[in-house]
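**Q** attaching a predicted model along with its sequence, questions to come.
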Amino acid sequence: MSTASTAAPSRIQSDLFINGEFVKAEGGATAPTHNPHDNSVITEVASAGKADVDKAVTAATEAFPKWAALSAAERGRYLLRLADLIEERGHELATLESLDTGHPMRDTTRLDVPRAAMTFRYFGGMADKFEGAVIPVEQGFLNYTLRQPVGVVGQIVPWNFPLMFTSWKMGPALAAGNTLVLKPAALTPLSSLRIAELMAEVGIPKGVVNILPGPGSSIGQYMAEHPGIAKISFTGSTDVGRRIVQASAGNLKRVGLELGGKGANIVFADANLPAAIGGSAFAIFHNQGQACIAGSRLILHESIADEFLEKFITLARSIRIGNPLDPATEMGPLTSLGHRDKVLGYCEIAAEQGGKILTGGKPPQDRPDLANGYYVQPTVVQARPQDRVSCEEVFGPFVVVSTFKTDEEALQIANGVEYGLGGGLWTTNLARAHKFAGAIKSGMVWINCYKRVNAASPFGGVGSSGYGREMGFEAMHQYTEVKSVWVNVDANIPPYYPR
């Protein structure tokens, strides 16, 4: 086993960021953030209250006119400089993210930090390329549209990929000219606060970005209710998403929701099995399965199911579990103790409903070095499509297997849940691939791959997976209002009341 590089960053920011300054919470409250590898306290983080939200909204409101009035190219240059700085501090950011979330360094280094930099760079480049349109209307009139920022935006980031989602939310909002109040998850606030430091370093004006760690049940709710916030963008559970919608009704603010998922991952008889096995393992075990787009339902054609499962289970058992700061670790701990217990509870639910645990289903009991952490073995469960574990989001290294005979049955199983975020399929039949891509009820479909994301490609779902889109031009539309402007160039308008 490799020697873990367990050194934490020399200095960890733990205060609120309001109006360009790091400050204590108004009420002095703090909350610990834990290292999920050993349950130790990393640091005490300031915990915002309603008064802090009010201060942040005021700062963002005052900063908005000047930020929106900057040329789009100038706003873009700030984001481009930030992207460069993220790359320069990449190892430090990756270490902080792994320490706070349990996500292995091999992934925070290769995926999370590069994705954050790429996102800020993409939207920095898009800022001065986001165009309105000229609409063909009646002769004599010029009709064109303007895209204008919505104002102060409230953003709520989840705990599973905090660095990546911070960039996903900030990038388009800032490029479009909005100011913002962002609430990182109380469990994992550290990388978002570090991004605030980097934003101050590149010179983003005071008040444009405000970051408030704290409990979602109070300040997240208050942000959704706040009359000074024009839009709320939330990533998290479906249940909380529904409460966000209810809370937002007071001032009819715009809402974007990226919620839960129960991704169908279909393997047909003609699939390239080695590729499908490796890709399906990544789909569910990457980041310990803590991904809304995880391929958590493995739907196998009955003719290849036995061969697939034999090799898939062998691969699952070979995954190296350990300290996320160890470069050899392939799967780290779940992010919180409560969530680990929830995932293990689904193993009991599966057994109660007649499911069969094919591998995993418990902590790694032969590893005393992991005994204090929030670890769960890669788990493969055979269950019926209608069972709870096949319909409810487990959000862990927990995949449910079922089989099918016909294409129609595969599609019925895939569309048999309330969620519609992402799904995938493995086949060499081109016609089938495109047919299923259109027929699967989800916002994203991957063919012969899984969990591919890019700053240019829209990300979001349908049904109980929410509405609205992150990334790409779609995200810029979410953070702007369209204004239609009519100009009478040389139209001869007869008087309505002739005299």
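**A** Received, thanks. Numbering: from 1, shown residues only.
**Q** distance of the residue most central in space within the chain relative to Ser233?
**A** Centroid check for the chain by Cα atoms, centre = their mean gives Phe165 as the closest residue, at 4.9 Å. Separation of Phe165 from Ser233 (Cβ to Cβ, to the nearest Å): 10 Å. Where C-beta positions appear, they are placed from N, C-alpha and C, glycine not excepted.
**Q** please report phi then psi for the residue nearest to the centre of the chain.
**A** Per-residue torsions, Phe165: phi -70, psi -30 (degrees, to the nearest 10).
**Q** dump the residue contacts of it.
**A** Contacts were defined as Cβ atoms under 8 Å, 6 or more residues apart in numbering; by that measure Phe165 touches Val157, Pro158, Thr235.
**Q** tell me who's in contact with the closest residue in space to Asn19 that isn't next to it in sequence.
**A** Ranked by Cβ to Cβ, 6 or more residues apart in numbering and with sequence neighbours excluded, the top spatial neighbour of Asn19 is Ala59, at 3.7 Å. Shown in contact with Ala59 (Cβ under 8 Å, 6+ apart): Ile18, Asn19, Gly20, Lys206, Gly207, Asn210.
**Q** one more time with 7 Å, if that's ok
**A** Applying Cβ atoms under 7 Å, 6 or more residues apart in numbering to Ala59 gives the contacts Ile18, Asn19, Gly207, Asn210.
**Q** can I get the longest helix belonging to the chain in PDB, CA atoms only?
**A** Longest helix of the chain, by residue count under DSSP state H: helix 50-69. Below are the C-alpha coordinates for helix 50-69, written out as PDB (Å, rounded to 0.1, in the frame of the first residue of the first chain):
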ATOM      1  CA  LYS A  50     -30.500  35.000   8.900                       C
ATOM      2  CA  ALA A  51     -28.700  38.300   9.800                       C
ATOM      3  CA  ASP A  52     -25.700  37.200   7.800                       C
ATOM      4  CA  VAL A  53     -27.900  36.400   4.800                       C
ATOM      5  CA  ASP A  54     -29.400  39.900   5.000                       C
ATOM      6  CA  LYS A  55     -25.900  41.400   5.100                       C
ATOM      7  CA  ALA A  56     -24.800  39.300   2.100                       C
ATOM      8  CA  VAL A  57     -27.900  40.200   0.100                       C
ATOM      9  CA  THR A  58     -27.300  43.900   0.800                       C
ATOM     10  CA  ALA A  59     -23.700  43.600  -0.300                       C
ATOM     11  CA  ALA A  60     -24.600  41.800  -3.500                       C
ATOM     12  CA  THR A  61     -27.400  44.300  -4.200                       C
ATOM     13  CA  GLU A  62     -25.100  47.200  -3.900                       C
ATOM     14  CA  ALA A  63     -22.400  45.600  -6.000                       C
ATOM     15  CA  PHE A  64     -24.800  44.600  -8.800                       C
ATOM     16  CA  PRO A  65     -25.100  47.800 -10.800                       C
ATOM     17  CA  LYS A  66     -21.400  48.200 -11.300                       C
ATOM     18  CA  TRP A  67     -20.700  44.500 -12.000                       C
ATOM     19  CA  ALA A  68     -23.500  44.300 -14.500                       C
ATOM     20  CA  ALA A  69     -22.300  47.500 -16.200                       C
END
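**Q** any idea how far Asn35 is from Asn90?
**A** For the record, residue 90 is Gly, not Asn. 21 Å.
**Q** over to Gly220?
**A** 24 Å.
**Q** same deal with Gln13?
**A** In terms of Cβ to Cβ, Gln13 sits 17 Å off from Asn35.
**Q** circling back to that earlier point, now do the residue nearest to Asn19 against Ile18, distance only.
**A** Distance of Ala59 to Ile18, computed by Cβ to Cβ: 6 Å.
**Q** now the common contact residues for those two.
**A** Jointly contacting Ala59 and Ile18 under the rule Cβ under 7 Å, 6+ apart are Asn210.
**Q** okay, and which of the contacts of Ala59 map to strands?
**A** With strands taken from DSSP state E, the overlap with the contacts of Ala59 comprises Ile18, Asn210.
**Q** any quick ChimeraX command for the buried ones out of the contacts of Ala59?
**A** For the buried members of the contacts of Ala59, the matching ChimeraX selection, counting by 16 or more other Cβ atoms under 10 Å, is:
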select :18,19,207,210
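**Q** sorry, back to before: between Gly90 and Asn35, which one's more packed in?
**A** Neighbours per residue, other Cβ atoms under 10 Å: of Gly90 and Asn35, the larger number sits with Asn35, 24 against 17.
**Q** and that one, what are its bridge partners?
**A** Beta-bridge partners of Asn35, counted by DSSP bridges, are Ser40.
**Q** gap between it and Ser98?
**A** From Asn35 across to Ser98, the span is 10 Å (Cβ to Cβ).
**Q** same question for Leu82.
**A** Relative to Ser98, and taking Cβ to Cβ, Leu82 is found at 21 Å.
**Q** now Gly241
**A** Distance from Gly241 to Ser98, by Cβ to Cβ: 28 Å.
**Q** good, we can wrap up now.
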